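1. Here's my sequence, what's the structure:
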Amino acid sequence: MNLKRSLLLPGLLMLLSGCQHLSAKGDQCEQSIRAYNRMVRWQEYEAAEKAVAPPVLDKYRKTFTDGDLKIADYRIKSLTCNVEKNAAEAVVEFDYYLPPSLSVKTIEDTQKWRHFPDAIPGGWRLVTPPPDLRK
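-> Numbering: from 1, shown residues only. Coordinates of the predicted model:
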């Protein structure tokens, strides 16, 4: 009986430490997505672009830093982090306007995110380009 217990305890500890790692990675995912969208909302585009993967960075910059685009508000409608697959998806609504017009438009952005272990900080990067807000 003692042999079973001595084998069970290390296995249980390994399982719990693995769950803790996945939980921390999931928390990081959610925090990264929320922080990115909050920075976009407040026009902190340079800071937000640190969460954008290189292949979509040019499109991001063209959308958010060219012109007078103003984000009035945003809502995260859904957020799913699948840490086992290193993938996440967020559905976000942006309310925005383009001065001199004061007409507020709303657009839905389905954001795909991936975890890159070597990426600092956090490792989570937006891999889909932003929607066309200049229509």
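
2. Show me the shaky parts of the chain.
-> For the chain, the stretches flagged by pLDDT under 70 are 1-25, 120-121, 135.

3. And the helices in it?
-> Per DSSP state H, the chain carries helices over the ranges 2-41, 45-48, 54-65.

4. Bridging across strands, which residues link to Arg75?
-> Glu93 (DSSP bridges).

5. shouldn't it be in contact with Ala90?
-> No. Using CB atoms under 8 Å, Arg75 is not in contact with Ala90, being 10.7 Å away. C-beta here means a position set from N, CA and C on the backbone, and glycine is covered the same way.

6. Can you pick out the residue with more neighbours from the two?
-> Taking other CB atoms under 10 Å, Arg75 and Ala90 do not tie; Ala90 has more neighbours (23 against 13).

7. who's in contact with the residue positioned nearest the centre of the chain?
-> For the chain, Ile33 is the residue whose C-alpha lies nearest the centre (CA atoms, centre = their mean; 2.6 Å). Contacts for Ile33 (CB atoms under 8 Å, 6 or more residues apart in numbering) come out as Ile76, Leu79, Cys81, Ala88, Ala90, Gln111, Trp113, Trp124.

8. next one: Ile76
-> By CB under 8 Å, 6+ apart, the residues touching Ile76 are Ile33, Arg34, Asn37, Ala90, Val91, Val92.

9. again, only this time at 10 Å
-> Glu30, Ile33, Arg34, Asn37, Arg38, Ala90, Val91, Val92, Glu93, Gln111 (CB atoms under 10 Å, 6 or more residues apart in numbering).
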